[in-house]
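Enquirer: What follows is a predicted structure for the sequence shown.
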Amino acid sequence: MKNFFEKFFNKAPSIEDSVSGYFQAIRSWLEKNASSIKKNLNDAASETDISRIESELKIVIPEKVREAYLIHNGEKTDSDGLFGLWRWLSLGEMKVEFHKLQDDSDSNVARIPLLLSPGGDILYVESGSSGEIVEWWHERPSRDVKHSDFQAYLKWFVAKLYEGGYVYLPGEMAGLVDKSEL
């Protein structure tokens, strides 16, 4: 009977409150519900990769974001976006989007892009900050804080994922779609 409820109601497993715990929960959900898109997650970045990007861009990547990249270096470029059609940028793509984002800024704060929407909006963190996740709309640039840090974002995402807030549309998408946008 327990398997019946878990299968149909996607009951969240016991999840460690950490960046690695949330990624483990995401991979577990994908394995059960959308195994073909699990391959969209890149392998881990190395400390050297992260340090190189920080040095090149003259930024400091917040701790929780650094932890995430040490688990997965974003998603593949052909992914439609694991995070509700928001695609998590690899470090290489972060570098490209970083320059675009800085060009559109009148601020002296370096904004580090993390996730990119299909429409060109970005979720970013600020260099050297506590890591607040901020949304930037390309049509109306503004500073709209969404989460206190990347771990809080992952916790929110995993809760919504296990509550059934995202669906996988095989054959149509290589990512997850937010049900509220269907």
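Expert: Right, received. Where do you want to start?

Enquirer: list the contacts for N42?
Expert: Neighbour list for N42: H72, N73, G74, E75, K76, S90 [criterion: C-beta atoms under 8 Å, 6 or more residues apart in numbering]. For the C-beta atoms, the positions are set from N, CA and C on the backbone; glycine is no exception.

Enquirer: got those as CSV, with neighbour count and distance to F23 columns?
Expert: Converted to CSV, these look like this (neighbours: other C-beta atoms under 10 Å; distance: C-beta to C-beta, whole Å):
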residue, neighbour count, distance to F23
H72, 19, 7
N73, 23, 12
G74, 24, 12
E75, 26, 12
K76, 16, 16
S90, 19, 15
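
Enquirer: Distance check, S180 against K160.
Expert: 10 Å (C-beta to C-beta, to the nearest Å).

Enquirer: What of E67?
Expert: 21 Å.

Enquirer: Next: D17.
Expert: Distance from D17 to K160, counting by C-beta to C-beta: 16 Å.

Enquirer: which one of the two has more residues nearby?
Expert: K160 (17 against 9; other C-beta atoms under 10 Å).

Enquirer: got the contact list for the nearest residue to that one once chain neighbours are set aside?
Expert: Of all residues not flanking K160 in the chain, Y166 sits nearest, at 6.6 Å (C-beta to C-beta, 6 or more residues apart in numbering). By C-beta under 8 Å, 6+ apart, the contact list for Y166 reads G84, K160, L176, V177, D178, K179.

Enquirer: so how many other residues sit close to the first one?
Expert: Residues near G84, counting by other C-beta under 10 Å, number 20.

Enquirer: check contacts around it.
Expert: G84 neighbours (C-beta under 8 Å, 6+ apart): F157, K160, Y166, G175, L176, V177, D178, E181.

Enquirer: Output those as CSV; include the columns pLDDT and distance to N33.
Expert: CSV is the format used below for those (pLDDT from 0 to 100; distance: C-beta to C-beta, whole Å):
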residue, pLDDT, distance to N33
F157, 97, 14
K160, 96, 13
Y166, 95, 9
G175, 91, 13
L176, 95, 9
V177, 94, 12
D178, 93, 15
E181, 87, 18
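
Enquirer: which one among the residues you listed gets closest to S36?
Expert: When these are ranked by distance to S36 (C-beta to C-beta), G175 comes first, at 11.0 Å.

Enquirer: which residues touch the residue most central in space within the chain?
Expert: Residue closest to the average C-alpha location in the chain (C-alpha atoms, centre = their mean): W88, at 4.4 Å. Counting by C-beta under 8 Å, 6+ apart, W88 touches H72, G74, E75, G81, L82, L114, L115.

Enquirer: tell me which residues form a beta bridge with the residue nearest to K160?
Expert: As for beta bridges, Y166 partners with D178 under DSSP bridges.
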